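S.K.: here is a sequence together with a model predicted from it:
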Amino acid sequence: MRKQLSQAFRFTLLMTVLTGLIYPGVVTGLCQVLFPWRANGSLLKINGQVVGSELLGQNFSGPEYFHPRPSAAGNDGYDATASSGSNLGPTNQKLIDRVKADVAKFRAENPGYQGPVPADMATTSGSGLDPDISLASAFAQAPRVAQARGASVDQINQLIQADSRGRRFGFLGEPRVNVLMLNLDLNQKLHLAPKKSS
Amino acid sequence: MTMQGFAYIVVFFLILLALTKPLGLFMAHVFEGRRTYLHPILRPLEVLVYKFCGIRETSEQRWTQYSASVIAFSLVSFLFVYAIQRLQGFLPLNPMHFSTGRAPGYATPMTPDLAFNTAVSFVTNTNWQAYGGEQTLSYFVQMAALTVQNFLSAAAGIAVLIALIRGFVRKETNTIGNFWVDATRATVYVLLPLALVFALFLCFRGVPQTLKSYQQAATLEGKTQTIAMGPVAGQESIKMLGTNGGGFFNANSAHPYENPTPLTNFLEVLSLIIIASGLTYTFGKMVGDTRQGWALFSAMAFLFFVGVFICYHSEHAGNPILARLGVDTAATATQPGGNMEGKDVRLGIPGSALFATATTDASCGAVNSMHDSYTPLGGFIPMFNLQTDEVIFGGVGSGLYGMLLYAIVGVFIAGLMVGRTPEYLGKKIEQKEVKMAMVAVIATAFSILVFAAICAVVPFAKNGYWNPPGPAIANLGNPGAHGFSELLYTFSSASENNGSAFSGININTPWYNLTTALAMLIGRFGFILPTLAIAGSLACKKKVPTTSGTLPTHGALFVGLLVGVVVVIGALTFFPALSLGPLVEHFFMHEGKLISAIIIRTVGV
């Protein structure tokens, strides 16, 4: 057994260097050279200031912006150091109470929309950092955003269409739109300075 | 079920089928020590490992020595991982200063019991996370401790399988190969090249790979968002390929930095199952009859399809209670519908249901959606997959050696029916083999049921050392039947070395950290040691010639028998427990009954 342990020690030590230092080192080097923007988190900058990551959702509450899904990450949602789902089960009273509140909030914020609340707007995502909403959720918010920005609903809908992404190869994933990218486009294309939310 | 969802699953399976033979053939060559097209580049590395470790490539081990090597290797690995975690405050690449006085307020302390649980978890290929990665671990721990075990625990699983296959192939010898050689070859020729290529692809699509600290963003509405990142891509790729499943982040493969696009999701599911699938062909090739491998593949594929379609159907149908609240749970062209609680939009219902089924078919345990929030039947599939020992493709190595143990039980049952000593692949299956196979199956079942039962009743003082929240059920995130499901899932996942969770339960307390770690050890070694004992016993035996009385093990009859054995043993063992959890909750949900802390009432909406 002593020989076994000695071999085990040397094996683990060598493999720690090989797969724990050299391998990640090589991957880091290659990624930093080949895909530097992606390797560093796909960060979006305006005038040199990081405003978020293309891949991560963030909170929006003002009427002039599209709102993301409810989030269970951190205390206020979209905490990118505390990714998490709600982990509430389907028959849990807490889940149903929260969904009721989400539905009521969505209705109150979007009085112009009468249809059923899209499934993604009344549920929290698995990551708590879902960057996307469904197209239905975006269209439902368009009248509110249009009003807050003094634009027509058609203009807003066109922006949604332009930013929307369909299923990859026709069957992978869901049609969706990235909320942060859409809001950045709103600011850029409608030439309206964003109001500070209170 | 939508057409796109159906296409998702069918295309996935066809690609898996197409890759099984080429990868399986390559691995057969690797483990038979033949030259492959990677040898010109990687052979020097393989030789370097042997030289450094004092391994003679041609030396052979008996099953007892092989087992001793597995245990020695696991023990040393455990010590490495434990030490690195506990010392992370003194080690480099710790930009968030975890385990130091400058740690951020949200940091989880690296307590001895948490470090113990995590070390056992990664060494046993479970990769359960009792912690949230971005709040607990330095980059150094993620790389030099966890990534290493992602490779090595997977390589050990493959090695044990190869040893078992040799037991069938060899005759009248007492050796079954050399653990160090098998583990080295699995790492150098199979895992490293695949992981490197996949890591680069993941980064190309958006998975970060950086040593920089967490970044601050000033959001458009004038708030601050701190963005956790790190060397994710390199770990993500081997986490899937090695069926490990311990995420860089708390949300695992649901996190957009681990799984940024629908295409990465598709490839992650494929990568977690591809090696296990390929090994069925490796098995057929090595035993000299590829039909034997395809028979096992067919049984696995059948169970896979049943599981994935039940899970997908259930998640697609959604939660009727939400529908009554005015939520659109029917899929339309512009929104996914279904049960979106705990699922990300880009991944969708089929991409999540397939992932959940595959990650528990295999012993991967990565999750791209929160299983805790699945509908009762949607969550039942992952749980039952765990409880049937993850033999539907399964973990790399462990899935197939698990399935081979079921095959041994299967031919034994068939033998009883006709009153004839059973045979499998030309070897007589006798008392010792059947006993050992049953020990493995019963050890894990025992661990699941007994630990879950104890936790359902054991009291602790509130704010005491062992379990500060109070009695063991105080850690549950959901009340009633679903809470029991969390408990049952926890010990199923730990005992079967999966690592996925109904993660509403908080297991970062000394009591749960130690009991789940114990369950992981029982599950890992209670399966590996009987497997190696069978390998040793089989290798000693003569080959018996096939006669008209031999049950052919490459046809539909045998496939049906095998499927039956897996399902019947699983159902007989776990039906009572499952009926207290997901099954009763299913009826509650359709009756519109909600569960709050204690009282049950019908929802009035």
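M.R.: That came in fine, so what should we check first? In this text, all values refer to a predicted model and were calculated from it rather than measured experimentally.
S.K.: quick one: mean pLDDT for the helix or strand harbouring residue B:584?
M.R.: Applying DSSP states H and E as the criterion places residue B:584 in helix B:584-591. Averaging pLDDT along helix B:584-591 yields 94.
S.K.: and that helix, what does it pack onto?
M.R.: Packed against helix B:584-591 by the contact rule (3 or more Cβ pairs under 8 Å, 6 or more residues apart in numbering or on different chains; DSSP states H and E) you find helix B:320-324, helix B:376-387, helix B:480-495. C-beta here means a position set from N, CA and C on the backbone, and glycine is covered the same way.
S.K.: got the contact list for it?
M.R.: The contact list for helix B:584-591, computed with Cβ atoms under 8 Å, 6 or more residues apart in numbering or on different chains, reads A:89-91, B:319-321, B:375-377, B:380, B:480-482, B:485, B:594-595, B:600, B:602.
S.K.: all the strands of chain A, residue numbers only.
M.R.: Using DSSP state E, the strands of chain A run over A:43-46, A:49-53, A:117-118, A:132-133, A:177-178.
S.K.: can you lay out these as TSV showing mean neighbour count?
M.R.: Shown next, in TSV, are the strands of chain A (neighbours: other Cβ atoms under 10 Å in any protein chain shown):
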stretch	mean neighbour count
strand A:43-46	14
strand A:49-53	20
strand A:117-118	28
strand A:132-133	28
strand A:177-178	24
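S.K.: dump these to CSV, plus distance to chain B and mean pLDDT.
M.R.: Shown next, in CSV, are the strands of chain A (distance: least, Cβ to the nearest Cβ, whole Å; pLDDT from 0 to 100):
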stretch, distance to chain B, mean pLDDT
strand A:43-46, 6, 96
strand A:49-53, 5, 97
strand A:117-118, 4, 96
strand A:132-133, 4, 98
strand A:177-178, 9, 98
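S.K.: closest to residue B:555 out of the ones you listed?
M.R.: Each of the strands of chain A has some distance to residue B:555 by Cβ to Cβ; the shortest is strand A:132-133, at 47.7 Å.
S.K.: could you report the neighbour count for residue 103?
M.R.: If you meant another chain, say so; for now it's chain A. 18 (other Cβ atoms under 10 Å in any protein chain shown).
S.K.: that was the other one, I meant chain B.
M.R.: 18.
S.K.: over to residue A:185?
M.R.: Neighbour number of residue A:185 under other Cβ under 10 Å is 16.
S.K.: now do the one 4 residues further on
M.R.: In terms of burial, residue A:189 registers 13 neighbours under the definition other Cβ under 10 Å.
S.K.: any idea how far residue B:169 is from it?
M.R.: For residue A:189, the distance to residue B:169 equals 67 Å [Cβ to Cβ, to the nearest Å].
S.K.: same check, this time on residue B:92
M.R.: From residue B:92 to residue B:169 the distance is 47 Å (Cβ to Cβ).
S.K.: check contacts around the residue lying closest to residue B:468 once chain neighbours are set aside.
M.R.: Counting by Cβ to Cβ, 6 or more residues apart in numbering or on different chains, residue B:468 lies nearest to residue B:509, which is 6.0 Å off, once chain neighbours are set aside. Contact analysis of residue B:509 by Cβ under 8 Å, 6+ apart lists B:113, B:466-469, B:475.
S.K.: check what pLDDT residue B:509 gets.
M.R.: 96.
S.K.: quick one on the thing from earlier: which ones among the contacts of residue B:509 lie within helices?
M.R.: residue B:113 (DSSP state H).
S.K.: buried subset of the contacts of residue B:509?
M.R.: B:113, B:467-469, B:475 (16 or more other Cβ atoms under 10 Å in any protein chain shown).
S.K.: follow-up on the earlier one: now pLDDT too, for the contacts of residue B:509, in JSON lines please.
M.R.: Shown next, in JSON lines, are the contacts of residue B:509 (pLDDT from 0 to 100):
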{"residue": "B:113", "pLDDT": "96"}
{"residue": "B:466", "pLDDT": "96"}
{"residue": "B:467", "pLDDT": "95"}
{"residue": "B:468", "pLDDT": "95"}
{"residue": "B:469", "pLDDT": "94"}
{"residue": "B:475", "pLDDT": "94"}
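S.K.: per the record, what domains does chain A have?
M.R.: Split into domains by automatic domain parsing, chain A comes to A:2-36, A:41-189.
S.K.: what's the most buried one of the ones you listed?
M.R.: domain A:41-189 (a mean of 21; mean count of other Cβ atoms under 10 Å in any protein chain shown).
S.K.: run the chain-centre distance for that domain.
M.R.: 8 Å (Cα atoms, centre = their mean, to the nearest Å).
S.K.: same thing with stretch A:32-40?
M.R.: Using Cα atoms, centre = their mean, the offset of stretch A:32-40 from its chain centre is 20 Å.
S.K.: next: stretch B:486-504.
M.R.: On Cα atoms, centre = their mean, the centre of stretch B:486-504 falls 10 Å from that of its chain.
S.K.: for that stretch, C-alpha coordinates in PDB please.
M.R.: Listed next in PDB are the C-alpha coordinates belonging to stretch B:486-504 (Å, rounded to 0.1, in the frame of the first residue of the first chain):
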ATOM      1  CA  GLU B 486     -36.000  17.700  -2.000                       C
ATOM      2  CA  LEU B 487     -34.700  15.400   0.700                       C
ATOM      3  CA  LEU B 488     -35.100  12.200  -1.400                       C
ATOM      4  CA  TYR B 489     -33.500  13.900  -4.400                       C
ATOM      5  CA  THR B 490     -30.600  15.100  -2.300                       C
ATOM      6  CA  PHE B 491     -29.600  11.700  -1.100                       C
ATOM      7  CA  SER B 492     -30.400  10.100  -4.500                       C
ATOM      8  CA  SER B 493     -28.000  12.600  -6.100                       C
ATOM      9  CA  ALA B 494     -25.300  12.100  -3.500                       C
ATOM     10  CA  SER B 495     -25.500   8.300  -3.300                       C
ATOM     11  CA  GLU B 496     -25.500   8.000  -7.100                       C
ATOM     12  CA  ASN B 497     -22.700  10.500  -7.500                       C
ATOM     13  CA  ASN B 498     -24.800  12.800  -9.600                       C
ATOM     14  CA  GLY B 499     -24.600  16.200  -8.000                       C
ATOM     15  CA  SER B 500     -27.700  17.900  -9.400                       C
ATOM     16  CA  ALA B 501     -30.200  19.000  -6.800                       C
ATOM     17  CA  PHE B 502     -33.600  20.100  -5.900                       C
ATOM     18  CA  SER B 503     -31.600  23.000  -4.600                       C
ATOM     19  CA  GLY B 504     -34.100  24.800  -2.400                       C
END
